[in-house]
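K.L.:
Mind looking at a prediction? Sequence and model below.
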Amino acid sequence: MKKVTRNEVDFSEIFDYADEKFGIDWDRANDMFFGNSLDYKSHNEFHGGTTAYYNSKKSFEELDEADKGYYIINQFMLDNNLDNLWIDNR
């Protein structure tokens with residue numbers, strides 16, 4: 001049997017990060033993330049360089065609302081020095 005280590009957070013930690021760093025309240029985060037970058041009542045996995053805006057040249061303000069969720073997740077990963085992230089959305 002192999003042991004696996006993963007970086008796991010609950011979606012609420014991402015929502016709190018969005019509020020603290022980008023001023024996005026819970027209701028807006030709900031609309032921004034679910035159905036776009038996060039799957040409701042499921043989980044999502046992100047790996048360095050695989051999400052749409054990991055190396056984006058666009059600023060946060062230039063993105064549409066749906067893409068801002070990916071941007072925030074990527075910033076969360078960069079700020080926490082993570083190459084992979086598992087987000088529990090249940």
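P.N.:
Good, I have the coordinates.

K.L.:
so what's I72 closest to, chain neighbours aside?
P.N.:
Nearest non-adjacent residue to I72, counting by Cβ to Cβ, 6 or more residues apart in numbering: A18, 5.1 Å away. Where C-beta positions appear, they are placed from N, C-alpha and C, glycine not excepted.

K.L.:
Is it correct that the one you found is in contact with A29?
P.N.:
Yes. The criterion here is Cβ atoms under 8 Å, and A18 meets it with A29 at 4.9 Å.

K.L.:
picking up where we left off before, ok, now how distant is the residue nearest to I72 from E45?
P.N.:
According to Cβ to Cβ, to the nearest Å, A18 stands 19 Å off from E45.

K.L.:
the more surrounded of the two?
P.N.:
Neighbours were counted for A18 and for E45 using other Cβ atoms under 10 Å; A18 has more, 24 against 12.

K.L.:
In which helix or strand does the residue nearest the centre of the chain reside?
P.N.:
When Cα atoms, centre = their mean is applied to the chain, the residue found nearest the centroid is I73 (2.4 Å). If you go by DSSP states H and E, I73 is part of helix 65-79.

K.L.:
what residues does that helix touch?
P.N.:
Residues from elsewhere that reach helix 65-79, judged by Cβ atoms under 8 Å, 6 or more residues apart in numbering: 14, 17-18, 21-22, 24, 31-33, 36-38, 46, 48, 51-54, 56, 60, 63, 82-83, 85, 87.
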